[in-house]
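Q: what's the 3D shape of this:
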Amino acid sequence: MHTLEQKIKAYDEQKQRQVPAPVLALMEEATRSLQASGLEQAALGRGERMPDFALPDQHGVVRPLSHYLAEGPVLLNIYRGGWCPYCNMEMQALNAVLPALRERGVNLIGMTPETPSSAQDTLTANGLAITVLSDEGNRVSAELGLVFELPEALRPIYAGFGIDIPASNGDESFTLPVPASYIIGQDRTVHYHFINADYTRRVEPAALLAELDRLAKAGAL
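A: Below is the predicted model of the structure:
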């Protein structure tokens, strides 16, 4: 079975062959600019407390984070949207380790700025069996320090790929979250975070399982 890193590498190689070089250069420059902004370093991280936000799931049911934490620790995966191939690969890889997460008493929850109906479309298209919260307007992601605005130079490029971010998000903005993964204890303490301004880089599910085991052994979870 291929790892998430291997799948992303194969996709990147295909993208290099199919996407014109000037377009790739613009996308890479936008990533470098976001990396230089300091967003990664300023965002909510290990040792801090996750706010007890309340958001609707893909069915429109609103529950606070504390509702999920009452059942055990939460692995929160924040992703850009179902239109993002890297997000889909990551969510598929996480869905594949759902049994291992459940064995550890951990609840996997996704969060996206997309509307509940768009989130449900993503789940259906990818065969995912998880809860996804709809953070419309990126309200919670902004509180975590993860939000940025897609550069204007990239908007026609995304449109050319058939990606309509305002339609997916149900507003007129082009704001997105930097993808992030958080391991959250039942007292809302963040015990682990992975944030990378380069949206093509994602944490391997095996690494998350190893971190969960380390935290459990240390009595942190």
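
Q: Tell me which residues touch the residue nearest to residue 178 when sequence neighbours are not counted, please.
A: Of all residues not flanking residue 178 in the chain, residue 146 sits nearest, at 4.8 Å (Cβ to Cβ, 6 or more residues apart in numbering). Where you see a C-beta, it was placed from the backbone N, CA and C, and this is true even at glycine. Contacts of residue 146 were listed using Cβ atoms under 8 Å, 6 or more residues apart in numbering, and they are 39, 43, 44, 78, 138, 177, 178, 180, 195.

Q: rerun at 10 Å
A: Applying Cβ atoms under 10 Å, 6 or more residues apart in numbering to residue 146 gives the contacts 39-40, 42-44, 78, 135, 138, 140, 176-180, 195, 197.

Q: Report how many residues lie close to residue 18.
A: Per other Cβ atoms under 10 Å, the neighbour tally for residue 18 reads 8.

Q: Is residue 133 located within a strand, as I assumed?
A: Yes: assessed with DSSP: H, G, I helix; E, B strand; the rest coil, residue 133 lies in a strand.

Q: correct me, but it touches residue 63?
A: Yes: here residue 133 reaches residue 63: they are 8.6 Å apart, a contact under Cβ atoms under 10 Å.

Q: Local confidence estimate at the residue nearest to residue 178?
A: Predicted confidence (pLDDT) for residue 146: 98.

Q: circling back to that earlier point, please identify every residue contacting each of residue 133 and residue 63.
A: Both residue 133 and residue 63 are contacted by 54, 55, 56, 57, under the criterion Cβ under 10 Å, 6+ apart.

Q: Among those residues, which one lies nearest to residue 23?
A: Nearest to residue 23 among the shared contacts of residue 133 and residue 63 is residue 55, at 33.8 Å by Cβ to Cβ.

Q: Model confidence score at that closest one, please.
A: With respect to pLDDT, residue 55 scores 98.

Q: Tell me, how many residues neighbour it?
A: Residues near residue 55, counting by other Cβ under 10 Å: 20.

Q: Need the nearest residue in space to residue 155, chain neighbours excluded.
A: Closest residue to residue 155 apart from its sequence neighbours, by Cβ to Cβ, 6+ apart: residue 174 at 6.2 Å.

Q: where's the one you found relative to residue 156, distance?
A: For residue 174, the distance to residue 156 equals 12 Å [Cβ to Cβ, to the nearest Å].
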